[in-house]
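Q: Sequence first, predicted model second:
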Amino acid sequence: MTTDTTTKDATAGASAPGEVVLDARGVTMRFGGLTAVRNVDFTVKSGEIVGLIGPNGAGKTTFFNCLTGLYIPTEGEVRYKGNVLPPKSYKVTAAGIARTFQNIRLFANMTVLENVLVGRHTRTKEGLWSALLRGPGFHKAEAASRERAMELLEFVGLAGKADHLARNLPYGEQRKLEIARALASEPGLLLLDEPTAGMNPQETRATEELVFAIRDKGIAVLVIEHDMRFIFNLCDRVAVLVQGEKLVEGDSATVQGDERVIAAYLGEPFEDAPGDEEVAEVEAAEAQAETTTDAAPGKENDR
Amino acid sequence: MTTQTTAPETPSAPAAAQSGLIGLPHRLGRALATGGGALTIISTFLSWTWTADFPGDLTVYGYPGGLQVLVLIGAVFTTLFGLASYGIKGLGWLTPGSADSALKLAALGTFATAWYTVIAISVELGGVVNLEPGGYLVAVATLAALLGALALPFERPAPDLADPDDTGLERFRHNSRQNWNTFKAAFASTTPAPARQLPAYAEILVIVAAMAAGLLVFTYGIGTEYDELFIGFLLTAGFCFAALGKSGIVARVSAITARHRTVTMAGAFVAAAAFPFTQSDDQYATIGVYILIFATVALGLNIVVGLAGLLDLGYVAFLGVGAYTSALVSGSPSSPLHVNWPFWASALLGAAVAMVFGVLIGAPTLRLRGDYLAIVTLGFGEIFRITVLNMDGTSGPDVTNGSNGISSIPNLNILGFDFGKDHTFLGATIGRFANYFLLMLLITLIVVVVFRRSSDSRIGRAWIAIREDETAALAMGINGFRVKLIAFALGASLAGLAGSVQAHVTYTVTPEQYQFAHVVPPNSAFLLAAVVLGGMGTIAGPLVGAALLYLIPAKLQFLGNYQLFAFGVALVLLMRFRPEGLIPNRRRQLEFHEETEAPAVLTKAGA
């Protein structure tokens, strides 16, 4: 029964698969003389998980802020389901785009349940008078909000901690709560800003599952992330921003194999760069070293 | 507090970890404390001084008077806690928390009150020769009880070793911090285990008893006739309340009140309404009605400051708007409008006009955040006062009569009930101020209901979200400006409502009643202080804070010009030692004691 209502409610924000949810055309953002984002075209279709990656300073956050109404693009426009985004962040949320924050921004002194209820703000209407007069409509709406919030907490696995203060949750659960809070506004598109920052591999894995489950509810997801393994496991499509411009866009294999992306992350090979022969030599030497020493080599960090 | 858990486990120094502040044997200490308490009880029935010159007549044998009653109350608490600390059956309910800490505080309170009295007698009458044997006895008995109580064992915090490279000053600071921690640990208490469920009628009886006790304490405090008695009252009440808190009984009672919120509220208002009936004349009802006006406005400010987090330093202007509006349509001869509206209409008009002003002032200022908002509201508060001052017919249009204000505001008359006359109910005579006290209580009730209902709703959650993190709240789809404007306008209209009664109570409204800072509350500085002192975001906090802030300057006349200085010192001390206020918000309480409190209470308690 719970799943029934969930899917029914979720479809309010979701739309038919394949339909373009987010459409950014020629987005350019200038701050004075600095062009942070230059002429980026970008689309997200419903039922899709799209990743946005790029080295530090590539303009990911600026672009993200253009999508959430914090910035108005200097040129170009962003459309959500055919309508140009309003310039206020609360209107963007009301339109159907929800977001999480890179550095967790929960309402620390409110309970877990209250946090999610705040997320329901745009989907409820009770004003001050209804709160003061407490008619039957008020109680009905409160009960419905609570029920929906508890469903969402169940969905992210925090139902047992509904009455805890948000500040007392462990880090991973705070991330989950932020996602639940964003989902409470019944979005058609969810923007996740580095959802696995500071997580251990198990937590990252759990977040992956959670994002897939959100996609299965028919909500499109856009992820900014530095964790390459996470991004390439998760996303149907990955776009790479470098120096404010979109370098390449495609599925994981395309992006991973693209030389320009590797160059952007690792830098251009310099003049006396080691050729293929030297590389082969080094690899052989390394392989020998690995067999002789038992010490497990530290796993390379993607970040 | 957390470090002390390791102390009892160190096998090397169990004796040191369990010793008291004073090196007496524990058994002797406990006996001394309990016996001292009992002896103090006896001594309060003796004569303390030979002449009735000292206020309160402490010369009578067998009949305690004035300060003796306060010492008696403290001594009874000391004795009861002492007996309970022996584990005597039937007294266990008194100390679900820590009997020893409660005993220490009660003994300290009794000692402070008794010695204050003895010293006051010696100083005022000129020497210790004026003490009768009873006076010496009480001094010795309370000192013995205090020494005995301080000898009781407690868990010392684990010593924090000093860095040998420290300079002298650093070592001194380290040592004093160490001593302070030890001192604090001496009074530390454990949280009581959750009580077993009482039947509902018993819980309601407990609430009724608590309300009756509250009314008794308040009535006694407001009725104290001389400075010495009021200081003694503050000492006894403060220490006894702290002792009850340490004994865990306050936690038990507040758990019960949290379960029966509506009963508690009804009980509190019945108790408050009973106050004028306990008085024989109108003298203290005057103080009562001024406290209520002050407290109601402070509660309205608590919506703006405590819930929405908007620091408003010009709030008293809205009280002024309400008062002036109501005065203008009251039929006063000095009002240019010669109309006499009924109370309900003038009150609604006062609230509505204040709301309009709230929106007008809020619309441009609420785009600012934090300190900037505080400064701008401070400016608007002064603009109101100066504008009213100038609308006297010479500097501007003749509306408010300038600095003379609108005077001779007639008394209210609701359905033939004349508020200016004495009435007799149930054999008690209710004077003019008592009439207004009851009317004002009704307004307070309205404000309390508005506060409670709005805080526990979609809009209240939005306010708290804005206070917690405005950027995140905007990203959740909350229209920050609109929601803040609602809080501002709601707070303004509640203040306007209170103002419309205030105009009738004071007969006259003048601009200087509505300054930023002034010696007499309500003014913006005192309103904010009442909210912060009592506890932000709670209902009881501003009420208690306002009562204290009004009573203390009104009762301690001898402070004279040092009133504001004493007030400042008190605020600094409070912010240092209890930043969450006297009655902390449950959110903040949880913040400080996250493991101990059951989290489920939070949702019931609302904000």
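A: Happy to help now that I have it.
Q: Return the residues in contact with the residue nearest to residue B:147 when sequence neighbours are not counted.
A: Distances taken as C-beta to C-beta, 6 or more residues apart in numbering or on different chains place residue B:22 nearest to residue B:147, at 5.9 Å, with adjacent residues excluded. For every residue, glycine as well, the C-beta is placed using N, CA and C. With contacts defined as C-beta atoms under 8 Å, 6 or more residues apart in numbering or on different chains, the neighbours of residue B:22 are B:29, B:147, B:150-151.
Q: which one of these sits closest to residue B:328?
A: residue B:150 (62.0 Å; C-beta to C-beta).
Q: burial of the closest one, as a residue count?
A: As a burial measure, residue B:150 scores 20 neighbours (other C-beta atoms under 10 Å in any protein chain shown).
Q: Tell me which of the contacts of residue B:22 fall in helices.
A: In this view, the contacts of residue B:22 that belong to helices under DSSP state H are B:29, B:147, B:150.
Q: wait, which of the residues you listed is closest to residue A:21?
A: Looking across those and measuring by C-beta to C-beta, the closest to residue A:21 is residue B:150, at 71.3 Å.
Q: Is it correct that the closest one is in contact with residue B:105?
A: No. Checked against C-beta atoms under 8 Å, the pair residue B:150 and residue B:105 is beyond contact range at 11.0 Å.
Q: any common contacting residues for those two?
A: Common neighbours of residue B:150 and residue B:105 are not found (criterion: C-beta under 8 Å, 6+ apart).
Q: nearest spatial neighbour of the residue nearest the centre of chain B, skipping sequence neighbours?
A: Geometric centre of chain B, nearest residue: residue B:544, 2.7 Å, by C-alpha atoms, centre = their mean. Leaving aside its sequence neighbours, residue B:544 sits nearest to residue B:534 (C-beta to C-beta, 6+ apart; 4.9 Å).
Q: What's the local residue count around that neighbour?
A: 28.
Q: Give the full set of residues in contact with it.
A: Residue B:534 is in contact with B:298, B:540-546, B:581-583, counting by C-beta under 8 Å, 6+ apart.
Q: let's go with 7 Å and repeat that
A: If you count contacts by C-beta atoms under 7 Å, 6 or more residues apart in numbering or on different chains, residue B:534 has them with B:541-545, B:581-583.
Q: Residue A:204: which of the residues you listed is nearest?
A: Set against residue A:204, the nearest of the contacts of residue B:534 by C-beta to C-beta is residue B:581 (42.2 Å).
Q: okay, now that closest one: neighbour count?
A: Using other C-beta under 10 Å, residue B:581 has 24 neighbouring residues.
Q: Once you drop chain neighbours, what's closest to it?
A: The shortest distance from residue B:581 to any non-neighbouring residue, by C-beta to C-beta, 6+ apart, is to residue B:535 (3.1 Å).
Q: ok, now residue B:458?
A: Nearest to residue B:458 is residue A:126, by C-beta to C-beta, 6+ apart, at 4.9 Å.
Q: Give me the pLDDT value at the residue nearest to residue B:147.
A: In this model, residue B:22 is scored at 75, pLDDT.
Q: same check, this time on residue A:45
A: In this model, residue A:45 is scored at 90, pLDDT.
Q: what residues are up against it?
A: A:18-21, A:220.
Q: what about burial for those residues, which qualify?
A: A:20-21, A:220 (16 or more other C-beta atoms under 10 Å in any protein chain shown).
Q: Could you tell me how many residues sit around the residue lying closest to residue B:36 once chain neighbours are set aside?
A: Leaving aside its sequence neighbours, residue B:36 sits nearest to residue B:145 (C-beta to C-beta, 6+ apart; 2.8 Å). By other C-beta under 10 Å, 32 other residues sit near residue B:145.
Q: hang on, isn't residue B:145 packed against residue B:78?
A: Yes. Using C-beta atoms under 7 Å, residue B:145 makes contact with residue B:78 at a distance of 5.7 Å.
Q: Give the residue spans of the stretch 151-300 of chain A that score low on pLDDT.
A: In the predicted model, the stretch 151-300 of chain A carries pLDDT under 70 at residues A:268-279, A:282, A:289-300.
Q: Tell me where it has helices.
A: Secondary structure of the stretch 151-300 of chain A by DSSP state H, counting those that start in this stretch: the helices cover A:171-183, A:201-216, A:228-234, A:252-257, A:259-266, A:276-292.
Q: picking that back up, any idea how far the residue nearest to residue B:581 is from residue A:76?
A: Per C-beta to C-beta, to the nearest Å, residue B:535 is found 51 Å from residue A:76.
Q: what about those two, which has more around it?
A: More neighbours surround residue B:535 than the other of residue B:535 and residue A:76, with 25 against 17 (other C-beta under 10 Å).
Q: Show the contacting residues for the residue nearest to residue B:317 when sequence neighbours are not counted.
A: Nearest residue to residue B:317, sequence neighbours excluded (C-beta to C-beta, 6+ apart): residue B:384, at 3.8 Å. With contact taken as C-beta under 7 Å, 6+ apart, residue B:384 is in contact with B:317, B:320, B:514.
Q: Next: residue B:133.
A: Residue B:133 is in contact with residue B:46, counting by C-beta under 7 Å, 6+ apart.
Q: where's residue A:38, which helix or strand?
A: Using DSSP states H and E, residue A:38 sits in strand A:34-45.
Q: immediately after that strand, which helix or strand?
A: Trace forward from strand A:34-45 with DSSP H and E and the next one is strand A:49-53.
Q: For whichever helix or strand comes after that next one, give me every contacting residue.
A: Using DSSP H and E, the helix or strand that follows strand A:49-53 in sequence is helix A:60-67. With C-beta under 7 Å, 6+ apart as the test, helix A:60-67 has contacts from A:22, A:27, A:29, A:36-37, A:40, A:52, A:54, A:71, A:73, A:78, A:97, A:191, A:193, A:224, A:241.
Q: how about the contacts of residue B:534, which pair is most distant?
A: Farthest pair in these, by C-beta to C-beta: B:543 and B:581, 12.0 Å.
Q: and residue 264, how many neighbours?
A: Chain wasn't specified; assuming chain A. When counting by other C-beta under 10 Å, one arrives at 20 neighbours for residue A:264.
Q: should've been chain B
A: 21.
Q: Against residue B:453, how distant is it?
A: According to C-beta to C-beta, residue B:264 and residue B:453 sit 16 Å apart.
Q: picking that back up, could you provide the helices of the stretch 151-300 of chain A in JSON lines, with additional columns for distance to residue B:160?
A: As requested, the helices of the stretch 151-300 of chain A are exported to JSON lines (distance: least, C-beta to C-beta, whole Å):
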{"stretch": "helix A:171-183", "distance to residue B:160": "29"}
{"stretch": "helix A:201-216", "distance to residue B:160": "36"}
{"stretch": "helix A:228-234", "distance to residue B:160": "44"}
{"stretch": "helix A:252-257", "distance to residue B:160": "54"}
{"stretch": "helix A:259-266", "distance to residue B:160": "49"}
{"stretch": "helix A:276-292", "distance to residue B:160": "49"}
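Q: hey, which of these is tucked in deepest?
A: Ranked by mean neighbour count under mean count of other C-beta atoms under 10 Å in any protein chain shown, these are led by helix A:171-183, which reaches a mean of 23.
Q: packing partners for that one?
A: Secondary-structure packing of helix A:171-183 (3 or more C-beta pairs under 7 Å, 6 or more residues apart in numbering or on different chains; DSSP states H and E): strand A:97-99, helix A:112-119, helix A:136-156, helix A:201-216.
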